[in-house]
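> Quick one, what's the 3D model for this:
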Amino acid sequence: MPIADTITIEDALTVLNRMLAADPVATQKLVQGRVPCSDALAEDPTVQVYSTPIYNIKPGKMGRHVGEVVGQDHKVGLLGVINGMFGKDEDDWGPIAAVYDDDTGKLQRFTRLHNPGSTPFNLARADAE
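Numbering: from 1, shown residues only. Predicted structure coming up:
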């Protein structure tokens, strides 16, 4: 296969699903893996980065702990980078989603987010209807 100067979302889906068929365990680990990244990458206009607040936890009254947000912990993964190549919609979702089995947690397939308002969280149910 020659080197391509352009790639479509469908091309990316074909490769991702081919990877999944060839080695589901490795593909799921790659997709679920995240590495720490900088604030600069987290602010990229299209790469999808998972961010969680970092709290400064202090002992509070009656055994409770209180805290204030002192920063963000950012992580990026393979699908966030691939989606970053294609942009994002008005809801900040990239065009490619990983679909998991609700019962087993196993990665089933990669698909395109194609309906307005669709998210990776409602794809499996929408596909089943």
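
> Show me which residues of the helix or strand hosting Ala12 are buried.
Here Ala12 sits within helix 9-22, counting by DSSP states H and E. For helix 9-22, a neighbour-count test (16 or more other C-beta atoms under 10 Å) marks Ile9, Ala12, Leu13, Leu16, Leu20 as buried. Heads up, the C-betas are built off the backbone N, CA and C, glycines and all.

> Then stretch 36-47?
For stretch 36-47, by 16+ other C-beta under 10 Å, it's Cys37, Leu41, Ala42, Val47.

> Is the last one in contact with Gly84, as I believe?
Yes - with contact defined as C-beta atoms under 8 Å, Val47 and Gly84 form a contacting pair (3.4 Å).

> so Ile9 touches Phe86, yeah?
Yes - counting by C-beta under 8 Å, Ile9 touches Phe86, with 5.6 Å between them.

> okay, and the common contacts of these two?
Here Ile9 and Phe86 have Pro95, Ile96 as joint contacts, going by C-beta atoms under 8 Å, 6 or more residues apart in numbering.

> Does the helix or strand that Val99 is a member of pack against any helices or strands, and if so which?
Val99 belongs to strand 96-100 when elements are defined using DSSP H and E. Packed against strand 96-100 by the contact rule (3 or more C-beta pairs under 8 Å, 6 or more residues apart in numbering; DSSP states H and E) you find helix 9-22, helix 78-86, strand 107-112, helix 123-128.

> Let me see the domain layout of this structure.
The domain map for the chain lists 1-33+89-129, 35-76, with the assignment taken from automatic domain parsing.

> Adding mean pLDDT, write these out as JSON lines.
Compiled in JSON lines, these are given as follows (pLDDT from 0 to 100):
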{"stretch": "domain 1-33+89-129", "mean pLDDT": "84"}
{"stretch": "domain 35-76", "mean pLDDT": "86"}
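
> Now do the contacts for the nearest residue to Tyr100 once chain neighbours are set aside.
Nearest in space to Tyr100, with sequence neighbours left out and distances taken as C-beta to C-beta, 6 or more residues apart in numbering, is Leu107 at 5.7 Å. Applying C-beta under 8 Å, 6+ apart, we find Leu107 in contact with Leu20, Pro24, Thr27, Gln28, Val31, Ala98, Val99, Tyr100.
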